[in-house]
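In: Give the three-dimensional model of this entry:
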Amino acid sequence: MSYNSHGEPCRNFCILSSLKITDPVDEKEKIVLSSFVSGGTGILIFIDPRTGKGESIALPADEGAWASYNLHNRFLIIGTCGIKGYIHCMDLKSREWVKSLRDEHETYIWNLVMGSDGMVYGGTYPGCALLRYNPEKHTLDNMGRMSPYLSNLYSRQVFGDVPGRIFINCGYDKPHASVYDLSTHKVNVFGKEGAFVKEANKDFICTITGDDLDFYNPLTLEQICGTISINLPKAPNSDIKAPISEFINNFFRPVKDNRIPEKYGNALLLEHGNKAGVRGQEYFYLKKDDSRIKLLPIPVEAPPTQILTITSGEDGIIWGTSNFGQTIFSYNPTDGTYWNSLTVCDNGGEVYGIKVIGGKVFMAAYAGGDHIVYDPFEKWDQANNINPKALASAGPDLIRPHGKSVIGPDNGFWTGWTAKYGTYGGGLTRIDPTSYDMKLWYDPIPEQSIESLAASEKYLYFTTSGRGNGLNWKTSIFCIAVCDTEGKLVHKVEFPEGTVPGCVEIAGKHGAVCLYSYCKTLPVNELIIFDSTTMEFTCRIKLTSICTCLLKKRDEQLLVFCENELFEVNTSSGELKLVAELPGQVKTATITAKGEIFFAVNEKLYSLK
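Out: Have a look, this model is predicted:
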């Protein structure tokens, strides 16, 4: 077989950070947005809020950036993610980039702050380190791990407005705060066990532990006053003086602009009391005297982004999700037209699971464990939670639908999940497509994530792994398990330690599961065929590379996507044959009601001829 290209129908913005500058090019105040481009190169978007005009500038490298810092309106310092962890530096006057810097061991830089020594500091993943950038010499140094616990991978946020010190929040296996001394270069755990820094400045350090606030002297690090619970009905009456009292009062009576809904996030305060901010694929510019907020389209072209999951409806329309940015798209194979949505829910992240049931598009999304339903035939009104509509959440215990979603034998929308940050585990959820009621089964296999999910005419099948949000991979004995539509386990087959069951799919009387190894001394790439009723293994087929996607073609026939090759397997006979060379690695594919096979490679959509 060969394949047809259908272009790049998945396009969106994924704004990770924003800041304001006075642009030296024209001396006008502007906002700068950092947009992640999954599978591509991230961009910076300059917007003049008064005119609505925009300018798009590509980063020198990497997919995007959480960290951005305005250095005296002369330079923009950008800390990137999620492949290389670069420090990029742009001369704002010339719009030219200085030679990029990076630490070869880090892939994420989370935020950037100025230290009292004039250096710019940032936290990292996966080394839980503190990076130091020297703006004068344009050099980058790694100041070492900020946590004594090797299981902590994140130095997620740093604080620099304290003379002589940098404070760092570390996680997620053993969450804690650390303090780094700029003169001695020593690092120590700070505050109570499990505390995170909430605020750090020249007047006080505030940590939060559960529901408790504690305050410390920034010079001596001694506790200033007693612990204050944020569960109190109102701010405590005490002799605590400003600015600590002002900070405490803000917990009980937050200063809000009633014109800006809370779900719109934080706004940048501009000159003359004006404000600007971002909500998903749109931004707003709110003048001081405006009575209502108005969302505006980001005024540059949205870039093509990597496709995470695709599916198809009975009408042959292809529906898909972006790998980041919390949007979906549709593609019409008949005329080649496509559509991209605005943000589908209030939480950030991305949609993993997507299926069309009764003409409606059901979704499961990270990072809030969100279930969402969208009716393509009704007016879009996500801001008021009408269409798309947020349904019951799997959070806070289940947050990432890594196992994606299937239509179960009961016509329910079933999803396989990974547990919250800092916790090993997983679960299953079912959304009733009519009532929208949710059922949830937490940790059907204790402390194991749901890796992949499939359905037959009677059962649900899922594989497990040691995946964990914010955690190192957990070694264990993983399995393929079978449950009925009430969530009761009816079969479980374990695999040898060192191997992981990946994709699973059912094709009539038989199913298949791919098996790979996380142990270099025990390399395994197998496709195991099993009886879908008894779970007896009927055939084992050696593969030359890892299977990244399985797709039912018809009963007893499966398509097996491996690296850049496509195989077809007859699950009755075990015969495996190569049917196509592919343009790259395929992680998602779908078959239409007419039997047309579509698949995605990065940001491109293809179909088999």
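In: Name the nearest residue to G574, ignoring sequence neighbours.
Out: Of all residues not flanking G574 in the chain, C539 sits nearest, at 3.7 Å (C-beta to C-beta, 6 or more residues apart in numbering). Bear in mind the C-beta positions are built from the backbone N, C-alpha and C, glycine included.
In: Which parts of the stretch 201-350 of the chain are helices?
Out: Listed in chain order, the helices of the stretch 201-350 of the chain (DSSP state H, counting those that start in this stretch) span 244-252.
In: which residues in it form strands?
Out: With DSSP state E, counting those that start in this stretch as the criterion, the stretch 201-350 of the chain has strands at 205-209, 212-216, 228-229, 268-269, 275-279, 282-286, 295-297, 307-312, 318-322, 328-331, 338-340, 350-357.
In: Make a markdown table from those strands and add mean pLDDT to it.
Out: Converted to a markdown table, the strands of the stretch 201-350 of the chain look like this (pLDDT from 0 to 100):
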| stretch | mean pLDDT |
| --- | --- |
| strand 205-209 | 97 |
| strand 212-216 | 96 |
| strand 228-229 | 91 |
| strand 268-269 | 96 |
| strand 275-279 | 97 |
| strand 282-286 | 97 |
| strand 295-297 | 96 |
| strand 307-312 | 98 |
| strand 318-322 | 98 |
| strand 328-331 | 98 |
| strand 338-340 | 98 |
| strand 350-357 | 98 |
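In: Which one of the ones you listed lies nearest to H105?
Out: Across these, H105 has its closest neighbour in strand 350-357 (26.2 Å, C-beta to C-beta).
In: which secondary structure elements does the closest one contact?
Out: Strand 350-357 is packed against strand 307-312, strand 318-322, strand 360-366, strand 398-407, strand 413-419, with contacts defined by 3 or more C-beta pairs under 8 Å, 6 or more residues apart in numbering; DSSP states H and E.
In: okay, the closest residue to Y436 other than its chain neighbours: pLDDT?
Out: Spatial nearest neighbour of Y436, chain neighbours left out: L391 (5.0 Å); criterion: C-beta to C-beta, 6+ apart. Looking at L391, its pLDDT stands at 98.
In: Go ahead and confirm L391 touches P433.
Out: No. L391 lies out of contact with P433 (C-beta atoms under 8 Å); the separation is 10.5 Å.
In: how far away is the nearest residue to L460 once chain neighbours are set aside from I450?
Out: Spatial nearest neighbour of L460, chain neighbours left out: C483 (5.1 Å); criterion: C-beta to C-beta, 6+ apart. Per C-beta to C-beta, to the nearest Å, C483 is found 11 Å from I450.
In: now F478
Out: Distance of F478 to I450, computed by C-beta to C-beta: 11 Å.
In: now swap in D181 and tell me
Out: 44 Å.
In: same thing with F598?
Out: F598 is 25 Å from I450, by C-beta to C-beta.
In: quick one: the nearest residue to D290 once chain neighbours are set aside from K30, how far?
Out: Closest residue in space to D290, ignoring its immediate chain neighbours: R259 at 6.9 Å, by C-beta to C-beta, 6+ apart. Here the criterion is C-beta to C-beta. By it, R259 lies 22 Å from K30.
In: Over to N217?
Out: 39 Å.
In: Those two: which is more packed in?
Out: Taking other C-beta atoms under 10 Å, N217 and K30 do not tie; K30 has more neighbours (24 against 12).
In: List the beta-bridge partners for that one.
Out: I21 (DSSP bridges).
In: if I read this right, it contacts S18, doesn't it?
Out: No. The pair K30 / S18 is not scored as a contact, 10.8 Å apart, by C-beta under 8 Å.
In: Using the record's assignment, carve this structure into domains.
Out: Per automatic domain parsing, the structural domains of the chain span 15-255, 495-585.
In: CSV for these, including distance to Y366?
Out: Formatted as CSV, these follow (distance: least, C-beta to C-beta, whole Å):
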stretch, distance to Y366
domain 15-255, 13
domain 495-585, 19
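In: related to what we said a few turns ago, quickly list what's touching both of F478 and I450.
Out: Both F478 and I450 are contacted by 463-464, under the criterion C-beta atoms under 8 Å, 6 or more residues apart in numbering.
In: Of the two, which one has the most company?
Out: Neighbours per residue (other C-beta under 10 Å) separate F478 from I450, with I450 holding more: 29 against 26.
In: Restricting to C-alpha, output stretch 212-222 in PDB.
Out: The C-alpha coordinates for stretch 212-222 follow below in PDB (Å, rounded to 0.1, in the frame of the first residue of the first chain):
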ATOM      1  CA  ASP A 212      -1.500  26.300  57.000                       C
ATOM      2  CA  LEU A 213       0.500  29.500  56.300                       C
ATOM      3  CA  ASP A 214       3.800  30.100  58.100                       C
ATOM      4  CA  PHE A 215       5.900  33.300  57.900                       C
ATOM      5  CA  TYR A 216       9.700  33.700  58.200                       C
ATOM      6  CA  ASN A 217      12.200  36.500  58.500                       C
ATOM      7  CA  PRO A 218      14.100  36.700  55.100                       C
ATOM      8  CA  LEU A 219      17.400  37.600  56.800                       C
ATOM      9  CA  THR A 220      17.400  35.200  59.800                       C
ATOM     10  CA  LEU A 221      14.900  32.600  58.500                       C
ATOM     11  CA  GLU A 222      13.300  32.500  61.900                       C
END
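In: Now do it: everything it contacts.
Out: Residues from elsewhere that reach stretch 212-222 (C-beta under 8 Å, 6+ apart): 162-163, 165, 179, 190-192, 195, 198, 200-207, 223-225, 227-230, 244, 248, 251.
In: Reformat the strands of the stretch 201-350 of the chain as TSV; add distance to G115 and mean neighbour count.
Out: Below are the strands of the stretch 201-350 of the chain laid out as TSV (distance: least, C-beta to C-beta, whole Å; neighbours: other C-beta atoms under 10 Å):
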stretch	distance to G115	mean neighbour count
strand 205-209	15	22
strand 212-216	18	19
strand 228-229	28	16
strand 268-269	23	14
strand 275-279	28	21
strand 282-286	31	21
strand 295-297	36	13
strand 307-312	38	24
strand 318-322	36	25
strand 328-331	42	22
strand 338-340	41	17
strand 350-357	34	24
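In: To R467, which of the ones you listed lies closest?
Out: Evaluated over the strands of the stretch 201-350 of the chain, closeness to R467 peaks at strand 350-357, with 12.8 Å, by C-beta to C-beta.
In: Tell me the strands beside that closest one, with direction?
Out: Counting by DSSP bridges, strand 350-357 is paired with strand 360-366 (antiparallel).
In: Can you name the element that comes right after the strand it pairs with?
Out: Using DSSP states H and E, the helix or strand that follows strand 360-366 in sequence is strand 370-374.
In: Could you tell me how far that next one lies from the centre of the chain?
Out: Distance, stretch centre to chain centre, for strand 370-374: 17 Å (C-alpha atoms, centre = their mean, to the nearest Å).
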